[in-house]
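S.K.: this is the structure alone, sequence omitted:
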C-alpha cells in the first residue's frame, strides 16, 4: 500500500510541477507559488475540519518548520536553475531530496531488506537520469554564468536538503493530526510570500488568460500530494516513501511530452525504465 501511495504522490507532485510551470510562463514564479500555496491552504484547512482529526499545536509547528525548509529549498533551486546548468542542478537537487530523508529514516530505525536497498540504489540513479536534461543556457545567460562551480553545487545540495527536511518534519508529525501539519506548512509559506509580494508592490491576484485556473490547479495538486505523502509515511517507512516520491519528474516530463510535444531525452527514457525496475525491486523487498 505504501508503494502505491508513494507512486501516486510522485504522480501528483509531478503534475503539480507541470501545471505550475505553465503558470510561471505567464507571470512571476514567486507569485505562482504564493497564490497556489494560499489556495492549497484553503483546501487543506477545509479537509482538516471535515476529517476532524486531532489538532496538535506541536504538529502544526512541525509543519511550519518543514514549510520554511521547503521554501528555502525552492528559492535555492530557482536560483540554481537561473545561474547554473539545469542538466546538473536539477538532478543533484532531486537525488539530495531523496537521500536526506532516506538517511534520516535509516538512522531513526528504518530497516529495509537487501532487495529494497538495491531497489533504492537503482531508484537514486533513475532520479538523476529523469531529472537531467540537455538544455542550453537560458536566453541572456552566458556560458560563464552557467558553469557548475562550488557555489552552484552547494546551492543544489541546499535545495535538495531543504526539500528533504520538509519530508522529515512532515513525517515527524502524529498520524492523528493529519492533515493539520500541512495547514501549518502552507500557513507559513503563503503568509511569508504574500507579505513579500506586498512589500514589493506585486501582491495582485494573478491575471491572464487561463492563469487563475492554472494557479488553482497548482495549489490543489501540490497540497494534495503533501497530504497523501503524510498518509504514505504512516503506512510505510520514510526511507522507501521519500525515494519513490522523488521520482516525480517522470510525471512532469510525460505531461510535457504529451501536452506540449516536448522531446524526451534518451537518458530520461532510461531513467524512467530504471524507475520501473526499482519499484518492482522495492515491492519484492
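M.R.: Good, I have the coordinates. None of these values were measured; they are calculated from a predicted model.
S.K.: quick check: longest helix in the chain by residues?
M.R.: helix 57-83 (DSSP state H).
S.K.: which is the succeeding secondary structure element to it?
M.R.: The helix or strand immediately downstream of helix 57-83 is helix 86-107, counting by DSSP states H and E.
S.K.: so where does residue 47 fall, helix or strand?
M.R.: In this structure, residue 47 sits in helix 29-51 according to DSSP H and E.
S.K.: low-confidence ranges, the stretch 151-285 of the chain, go.
M.R.: The model of the stretch 151-285 of the chain has pLDDT under 70 over residues 203-208.
S.K.: quick one: the helices in it?
M.R.: Using DSSP state H, counting those that start in this stretch, the helices of the stretch 151-285 of the chain run over 180-199, 211-235, 238-245, 249-259, 266-284.
S.K.: buried sites along the last one?
M.R.: Applying a neighbour-count criterion of 16 or more other C-beta atoms under 10 Å, the buried positions in helix 266-284 are 267, 268, 271, 272, 274, 275, 278, 279, 281, 282. Bear in mind the C-beta positions are built from the backbone N, C-alpha and C, glycine included.
S.K.: hmm, residue 123 and the last one touching each other?
M.R.: Going back to what we said before, that points to residue 282. Yes - applying C-beta atoms under 8 Å, one finds residue 282 in contact with residue 123, separated by 7.2 Å.
S.K.: quick one on the thing from earlier: and the contacts of the helix holding residue 47?
M.R.: 20, 23-24, 55, 74, 78, 178-180, 182-183, 186-187, 189-190, 193-194, 196-197, 202-203, 205-206, 214-216, 218-220, 222-224, 226-227 (C-beta atoms under 8 Å, 6 or more residues apart in numbering).
S.K.: buried subset of those?
M.R.: Buried by 16+ other C-beta under 10 Å: 20, 23-24, 74, 78, 178-180, 182-183, 186-187, 189-190, 193-194, 197, 206, 214-216, 218-220, 222-224, 226-227, out of the contacts of helix 29-51.
S.K.: which residue, other than its chain neighbours, is closest to residue 89?
M.R.: Nearest residue to residue 89, sequence neighbours excluded (C-beta to C-beta, 6 or more residues apart in numbering): residue 80, at 4.2 Å.
S.K.: swap in residue 257?
M.R.: With C-beta to C-beta, 6+ apart as the criterion, residue 257 has its nearest non-adjacent residue at 5.2 Å, and that residue is residue 264.
S.K.: next one: the one you found from residue 85, what distance?
M.R.: From residue 264 over to residue 85 the distance is 19 Å, taken as C-beta to C-beta, to the nearest Å.
S.K.: between those two, point out the one with more neighbours.
M.R.: A count of neighbours by other C-beta atoms under 10 Å puts residue 85 above the other of residue 264 and residue 85, at 21 against 16.
S.K.: any idea how far that one is from residue 173?
M.R.: Per C-beta to C-beta, residue 85 is found 36 Å from residue 173.
S.K.: now residue 18
M.R.: According to C-beta to C-beta, residue 18 and residue 173 sit 28 Å apart.
S.K.: likewise residue 163?
M.R.: 17 Å.
S.K.: compare the two (neighbour count), which wins?
M.R.: Comparing residue 163 with residue 173 by other C-beta under 10 Å, the one with more neighbours is residue 163, at 28 against 25.
S.K.: was I right to think that one contacts residue 67?
M.R.: No - taking contacts as C-beta under 8 Å, residue 163 lies outside contact range of residue 67: 11.4 Å.
S.K.: burial count for the residue nearest to residue 66 when sequence neighbours are not counted?
M.R.: With sequence-adjacent residues excluded and distances taken as C-beta to C-beta, 6+ apart, residue 66 is closest to residue 169, at 3.2 Å. Per other C-beta under 10 Å, the neighbour tally for residue 169 reads 24.
S.K.: dump the residue contacts of residue 169.
M.R.: With C-beta under 8 Å, 6+ apart as the criterion, the residues that contact residue 169 are 62, 63, 65, 66, 69.
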